[in-house]
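Enquirer: Okay, structure incoming, though there's no sequence with it:
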């Protein structure tokens, strides 16, 4: 699936992954390949992009925002973020 992490200033990440772990308002959750469509609010915390075994996972510290999952694409929209 395609994953994008966007802030108002820039696109922080864009690439393929098999899953993403995110900090939801009531606890962390994970979205895997071919997940059903959804929209969810995010709190400040860490996002982990699960890439294939040949690439190391990517980690980001994010401020609050939203995530949209649609047509095997995950779009994370946050107020601010930095790669760890």
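Expert: Looks like it arrived, so ask away. Given the structure is predicted, the values throughout are model-derived calculations rather than measurements. Numbers count the residues shown, from 1 in each chain.
Enquirer: Off-centre distance for stretch 41-52?
Expert: Mean C-alpha position of stretch 41-52 versus that of the full chain (CA atoms, centre = their mean, to the nearest Å) differs by 5 Å.
Enquirer: So which bits of that stretch are buried?
Expert: Judged by neighbour count using 16 or more other CB atoms under 10 Å, the buried positions of stretch 41-52 are 42, 47, 48, 49, 50, 51. For every residue, glycine as well, the C-beta is placed using N, CA and C.
Enquirer: can you check stretch 17-24 too?
Expert: 17, 19, 20, 21, 22, 23.
Enquirer: Would you mind confirming that the first one makes contact with residue 53?
Expert: No. In this structure, residue 17 sits apart from residue 53 without contact. The criterion is CB atoms under 8 Å, and the distance is 11.9 Å.
Enquirer: Overlap in contacts, these two.
Expert: Counting by CB atoms under 8 Å, 6 or more residues apart in numbering, no residue touches both residue 17 and residue 53.
Enquirer: Tell me who's in contact with residue 30.
Expert: By CB under 8 Å, 6+ apart, the contact list for residue 30 reads 19, 20, 21, 22.
Enquirer: Check the gap between it and residue 10 for me.
Expert: Going from residue 30 to residue 10 by CB to CB, to the nearest Å gives 25 Å.
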